[in-house]
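*Asks:* Could you look at this predicted model? Sequence included:
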Amino acid sequence: MENADVVRLLSEMADVLELTGGNPFKVRAYRQAAQVIDTLPEPVSELWRRGRLTELPSVGAGIATAITEILCTGHFEKHDRLVRGVPLGILELLRLEGVGPRTVAAAWQELGVQDLAALAAACEDGSLARLPRMGPARVKAIREAIARYRGRGTRMPVHRAYFYAEGMLERLRRVPGVLRAEAAGSLRRRRETVGDLDLLVSSKRPEAVMRAFVQLPGVAHVLAQGATRSSVRLDAGLQVDLRVLPPESWGAALQYFTGSKAHNIGLRARAVKLGLKISEYGVFDRQGARLGGATEEEVYRAVGLAWIPPELREDTGELEAAEADTLPALVDESDVVGDLHVHTDASTDARSSIEEIAAEADRLGRRYLAVTDHSKSRPLGLDADGLRAQIEYVRALDRRLRGRPRLLTGVEVDILPDGSLDLPLELLAELDWVVASIHSHFRDPSGRTTDRLVRAIRSGVVDAIGHPSGRQIGKRDAYPFDLHAVLEAAAAHGVALEVNAMPDRLDLTDRACRLAAEAGVRVVIDSDAHNTSHLANVRYGVWVARRGWLTAHDVLNTRPVAHLARRRREAEVTT
DNA sequence: GCCGTTTTCGGCCCGACTGTTTTCAGTCG
């Protein structure tokens, strides 16, 4: 049983309870517990084994028992019993925009609607319109929600959402009367995918902002337009919500709309304990007197906390860390001074020459660069002779470049199915930097892939494991392997794990980063650039690392190049 | 179902917008 299975059963439990008129607080309890498990940086089975389940926030005796049952039997009897009483296709209706539990329950109980097709039919034949408080506008909205749901893609990758947001914000900042305009929500938290955009504008003239907003280029539909809040859907399918606030509420609103929901609930619970109320308009005492809210710092300070970086606001311990003043000093993009995984046109799938890559890296301020083309198992990858020739070439170019940037000889060597490496060990030992990666046999059983990675780590010639889980977002899941075993081996042998910053990889994940740091494993944030434009993607790797609580200390390529060489010599002495 | 400086009962974040009403229920974030 994976965490995702537990999450699914707990979430469905919440949905069914809600649909059948269960206690709304019980609904929320299941939902919160599901959220906690979903963002847990380790297998929930591990916590269960150690008897620590109830130490998780929102997990008490009841849900701990449920999780135990799920882990041991694969089922959750209470859930199964409830789900049996509900038509198979009905929970899906809750995913429809503008359709909640009350609407679904009414359509089901009054009209016998059991699935999406039946709801669509009820829109058409007029039966839905006979439900209480159901007029023509709502029927139309539901009909459109069904159409959108049927044609809906997945969440948008964060790098794409970032560019949509920046484009809109730039235009909104030019509207007369606008003081500030920023993105909040999951984009500001730098989640790897974004469901919708939350934009905030500080202005004393909201009408002008709203008029400009609904007319922005790319707006396909206006979903709602009010005095302080409007929603649109872009041609790209992305929903964008805009809130306009007076300057004195800016910090409170930014805090509120950045979320996450779980983080805000935790924060507000603290406020309630102190007799305070936090809303998007500010912090207020019992008498309703305003105590602050112009900045986020004021909001956190009001409940005795240090300001918390948005990337940490997932209610996974950041509130406690802020209280204890033990928040990590997160790694910043400017801390990263080298790139230790780039390809050149020596790899078949790369487009730029070593010279072009080096020039762009220099322009971006990178002080060193490891040239790591593919080894011979990849089509047109380097064999031993090809690599020897490239080593000479890179060394000669390095002398000419005089440190702008320093060039390191290297390779991205394939880890073969048996865990051996694709090039002779003595040749790999000559290189400045060796990335070892899996590019085949993704469907091997977990144990075999784990052994494969561990054997590569133990080879004595590998500096880093490239894109350790092999996932490609929206395309290919991670191959199954035991992350804990790999972390243990990496820590023991001083091998780094990569955060591959290609936007469709982001591998390690944020959670894995956090586990790596806890295991004492160093991380490298690499572009895996296949052309010059990819070099700047390091930014997205830094976002992941920040979400994984990493400091510059945890990230190897924040160090000067001399540190890497020294570290390698020390490793050679000890192995 | 969770939780506790209000601690084993009685609370549980809070406000905007829409569409439906003639004061508010439902949904959303």
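*Replies:* Nice, thanks for sending it over.
*Asks:* and the gap between the residue in chain A that DNA strand B sits nearest to and residue A:155?
*Replies:* Of all residues in chain A, residue A:135 sits closest to DNA strand B, at 1.9 Å by C-beta to the nearest atom of the strand. (C-beta placed from N, C-alpha, C; glycine too.) To residue A:155, residue A:135 is 32 Å away according to C-beta to C-beta, to the nearest Å.
*Asks:* surely residue A:70 meets residue A:12?
*Replies:* No - counting by C-beta atoms under 8 Å, residue A:70 does not reach residue A:12; the two are 11.5 Å apart.
*Asks:* Pick out whichever of those two has more residues nearby.
*Replies:* Counted by other C-beta atoms under 10 Å, residue A:70 and residue A:12 do not tie: residue A:70 has more neighbours, with 22 against 19.
*Asks:* can you tell if the strand or helix carrying the more buried one touches DNA strand B?
*Replies:* Assessed by DSSP states H and E, residue A:70 sits inside helix A:61-73. Yes - using C-beta under 7 Å from any atom of the strand, we find that helix A:61-73 touches DNA strand B at A:61-64.
*Asks:* now what about the helix or strand containing residue A:29, what contacts it?
*Replies:* Element membership for residue A:29 (DSSP H and E) is helix A:24-38. Residues outside helix A:24-38 that contact it (C-beta atoms under 8 Å, 6 or more residues apart in numbering): A:3-4, A:6-7, A:10-11, A:13-14, A:17-18, A:44, A:56-59, A:63, A:67, A:261-262, A:265, A:315.
*Asks:* next structured bit after it?
*Replies:* Next in line after helix A:24-38, if elements are assigned by DSSP H and E, sits helix A:44-49.
*Asks:* Restricting to C-alpha, output that next one in CSV.
*Replies:* Only the C-alpha atoms of helix A:44-49 are listed here, as CSV (Å, rounded to 0.1, in the frame of the first residue of the first chain):
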residue,chain,number,x,y,z
VAL,A,44,3.2,6.1,6.0
SER,A,45,3.8,2.4,6.6
GLU,A,46,7.2,3.3,8.1
LEU,A,47,5.5,5.6,10.6
TRP,A,48,3.0,2.9,11.4
ARG,A,49,5.8,0.4,11.9
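*Asks:* quick one: it near DNA strand B?
*Replies:* No - Helix A:44-49 stays clear of DNA strand B (C-beta under 7 Å from any atom of the strand), getting no nearer than 13.3 Å.
*Asks:* quick one: buried residues of that helix?
*Replies:* A:44-45, A:47-48 (16 or more other C-beta atoms under 10 Å).
*Asks:* From residue A:228, how far off is residue A:234?
*Replies:* 21 Å.
*Asks:* of the two, who's got more company?
*Replies:* The residue with more neighbours, out of residue A:234 and residue A:228, is residue A:234; 19 against 15, by other C-beta under 10 Å.
*Asks:* Which single one of the residues of helix A:61-73 next to DNA strand B is nearest to residue A:241?
*Replies:* residue A:63 (31.6 Å; C-beta to C-beta).
*Asks:* Walk me through the domains of chain A.
*Replies:* For chain A, automatic domain parsing gives the domain ranges A:3-151, A:156-245, A:250-323, A:333-574.
*Asks:* just to revisit the earlier point, by neighbour count, which of the residues of helix A:61-73 next to DNA strand B wins?
*Replies:* residue A:63 (23 neighbours).
*Asks:* do you know how far the nearest residue to that residue once chain neighbours are set aside is from residue A:7?
*Replies:* Among residues not flanking residue A:63 along the chain, residue A:33 sits closest, at 4.7 Å (C-beta to C-beta, 6 or more residues apart in numbering). Here residue A:33 is placed at a distance of 9 Å from residue A:7 (C-beta to C-beta).
*Asks:* What's the local residue count around residue A:136?
*Replies:* A count of nearby residues for residue A:136, using other C-beta under 10 Å, gives 9.
*Asks:* And residue A:553, by the same measure?
*Replies:* Using other C-beta under 10 Å, residue A:553 is surrounded by 14 other residues.
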